[in-house]
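**Student:** Would you be able to build a 3D model of this:
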Amino acid sequence: MTPELGLVCITASDQVRYRALTRKRLLLLEPEEQQRVLRELYAANLQRLAGAIEFCHSHQIRLYRLSSATFPFADDPSGAAILDEFAAGLQIVGDRAHNLGIRLVLHPDQFVVLNSDRPEVIANSIKILATHARVFDLMGLPQSPWALMNIHGGKGGRADRLIEVIRDLPDGIRLRLTLENDEYTYGAPDILEICRATDIPMVFDAHHHVIHDHLESYEHPSVAAMVTAARDTWKVPEWQLVHISNGCESFADQRHSDLITLMPSVYREVPWIEIEAKKKEVAIAKLQAEWLFTEIGTKVVEEDATDQEILDTPALVEETLEQKIVTPHPGLGEGRG
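**Tutor:** Modelled structure (predicted):
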C-alpha cells in the first residue's frame, strides 16, 4: 500500500490562503454592510478553496483538510442565508474535487466540545458542526466518514456524556463524525472505547499518543497496536485516516516541526495520512520523495535540497506516481450526497 498524504488547510507559501474576519470587526458594521462584507468574503474564499483543490491536484495530493474558518459566521442566520447563495458554486467545487479524486475532510475548531458541563456549550458545538455539515452537503459530499469531520474528546472525565450526545446527533453530523486521541485528556485507548460505544471511526494520532503515554519512539508496540485497533472502527478500512506531526525542539514537544523527519513504520500500512507540519506542502513533497517510495529504491531529492528543490520534485515523482494516480482509490466512487 502507498499511503496518500494530506495537506492541512493552507500552504507555507501564499498559494493557498484564505481571507479572515473577526466578530469584533463585523459587529462594528451596519447590518447591510455586514452582509456585503460577508458576501465578498465568501466569494473570495470559495474561489480560494477551488484554487486549493487545483493546487493539490498539481502536487499529487489527494487529501485536503478544509479550514474550519472558510465561511465564518455561517452559523448565524445572516451568514447561513448568504452561504445558501453560493450553493451552485459549492456544488461545482465539490464536483471538481470528486472528479480529480481528491478527498475533502474537516477538523472543527477547539470550541466544539460535545461533553461540556455547560448545556449552552454543547448546543453551540452542535450548531457549529451542523454548519460544517451544511457546507459539505452543498458541496455534494457524502454523509459518511469519507468526508469526515474530526473532533477531540473534549472535557475530561465526561466520556459517558460524550457517548450520549454523539448518539443523539443528526445524521448529517453523526455519519461524518470521527474522534481523535489527544496529548493530555483522552488517550488512544480512551478514544477507542468511545468510538466502539458510538460506532464512530477513530483517527489515530501517533504523536499525541507518544506524548500522552510518555513514549520515546514511534516504534513502541502500542503504536502499531493502536493503528490496527483504530482500523477496526472503520466500516470501510480503506478510508482509515491518521495524523502525524513531529516535535519542534524535542521528540515529545507538542509544537509542530517544519518537516516530518520521523514516521512510524506502521504508517506504511495506512491508506490516508494528514501531514501536520509547519512547512505544509514542502513537508509533503519531501515525504513523497524520500519516504513513500524508499521501499522501491526511488530517491529524487538530495539530503541537502532546498525547499524549492523539494517543491520541484513532483515532475520527478510523477512517473513513479503514474500508476497510483490513474487507478481510482477505493471510496472515490462512493455516493455523492
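
**Student:** what's the spacing between stretch 101-121 and its chain's center?
**Tutor:** 12 Å (C-alpha atoms, centre = their mean, to the nearest Å).

**Student:** quick one: average pLDDT of it?
**Tutor:** Average pLDDT, stretch 101-121: 96.

**Student:** What of stretch 245-255?
**Tutor:** Here the average pLDDT along stretch 245-255 is 95.

**Student:** And that stretch, how far out from the chain middle?
**Tutor:** With C-alpha atoms, centre = their mean, you get 20 Å for stretch 245-255.

**Student:** Quick test: name the residue nearest the centre of the chain.
**Tutor:** Centroid-nearest residue in the chain, with C-alpha atoms, centre = their mean: R65, separated by 3.8 Å.

**Student:** I'd assumed it was in a helix, is it?
**Tutor:** No: R65 sits outside any helix when classified using DSSP: H, G, I helix; E, B strand; the rest coil, being strand.

**Student:** If we ignore the residues flanking it in sequence, what's nearest it?
**Tutor:** V8 (4.7 Å; C-beta to C-beta, 6 or more residues apart in numbering). In short, each C-beta sits where N, CA and C put it, glycine included.

**Student:** What is the neighbour count of the one you found?
**Tutor:** Using other C-beta atoms under 10 Å, V8 is surrounded by 22 other residues.

**Student:** Angles on the backbone of it, please.
**Tutor:** phi -100, psi 100 (degrees, to the nearest 10).

**Student:** residue ranges with poor pLDDT in the protein?
**Tutor:** Scanning the chain for pLDDT under 70 picks out the ranges 294-305, 309-337.

**Student:** all strands of it, in order?
**Tutor:** Residue ranges of the strands in the chain, as given by DSSP state E, are 4-8, 63-66, 103-106, 149-152, 177-180, 202-205, 241-244, 272-275.

**Student:** Of the ones you listed, flag the one that's most buried.
**Tutor:** Mean neighbour count (mean count of other C-beta atoms under 10 Å) peaks for strand 202-205 among the strands of the chain, with a mean of 27.

**Student:** Contacts for that strand, please.
**Tutor:** 148, 150, 178-182, 188, 191-192, 195, 226-227, 229-230, 233-234, 241-245 (C-beta atoms under 8 Å, 6 or more residues apart in numbering).

**Student:** quick one: the closest residue to V165 other than its chain neighbours and T2, what's the gap?
**Tutor:** Using C-beta to C-beta, 6+ apart and skipping residues adjacent in sequence, the residue nearest V165 is L114, 4.6 Å away. Computed as C-beta to C-beta, to the nearest Å, the L114 to T2 distance reads 35 Å.

**Student:** So between those two, which is more surrounded?
**Tutor:** Each of L114 and T2 has its neighbours counted (other C-beta under 10 Å); L114 has more, 25 against 15.

**Student:** Please give me every residue in contact with the more buried one.
**Tutor:** I122, S125, I126, I151, G154, L162, V165, I166.

**Student:** dump the residue contacts of the nearest residue to the first one once chain neighbours are set aside.
**Tutor:** On the basis of C-beta to C-beta, 6+ apart, the spatially nearest residue to I122 that is not a chain neighbour turns out to be S116, at 5.4 Å. In this structure, S116 makes contact with I122, S125, G154, K155, R158, judged by C-beta under 8 Å, 6+ apart.

**Student:** possible to save those as JSON lines with neighbour count and distance to E32?
**Tutor:** As requested, the contacts of S116 are exported to JSON lines (neighbours: other C-beta atoms under 10 Å; distance: C-beta to C-beta, whole Å):
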{"residue": "I122", "neighbour count": "20", "distance to E32": "33"}
{"residue": "S125", "neighbour count": "20", "distance to E32": "30"}
{"residue": "G154", "neighbour count": "23", "distance to E32": "38"}
{"residue": "K155", "neighbour count": "18", "distance to E32": "40"}
{"residue": "R158", "neighbour count": "19", "distance to E32": "43"}
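
**Student:** Now go through these and say which are in helices.
**Tutor:** Applying DSSP state H to the contacts of S116, the entries found in helices are I122, S125.

**Student:** about what we covered before: right, and the residue nearest to the centre of the chain touches L7 too?
**Tutor:** Yes: contact criterion C-beta atoms under 8 Å: R65 and L7 qualify, at 7.0 Å.

**Student:** between these two, what contacts are shared?
**Tutor:** With C-beta under 8 Å, 6+ apart, R65 and L7 have no common neighbours.

**Student:** and the strands of the chain as JSON lines, adding distance to Q254?
**Tutor:** Converted to JSON lines, the strands of the chain look like this (distance: least, C-beta to C-beta, whole Å):
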{"stretch": "strand 4-8", "distance to Q254": "16"}
{"stretch": "strand 63-66", "distance to Q254": "19"}
{"stretch": "strand 103-106", "distance to Q254": "22"}
{"stretch": "strand 149-152", "distance to Q254": "13"}
{"stretch": "strand 177-180", "distance to Q254": "14"}
{"stretch": "strand 202-205", "distance to Q254": "11"}
{"stretch": "strand 241-244", "distance to Q254": "13"}
{"stretch": "strand 272-275", "distance to Q254": "16"}
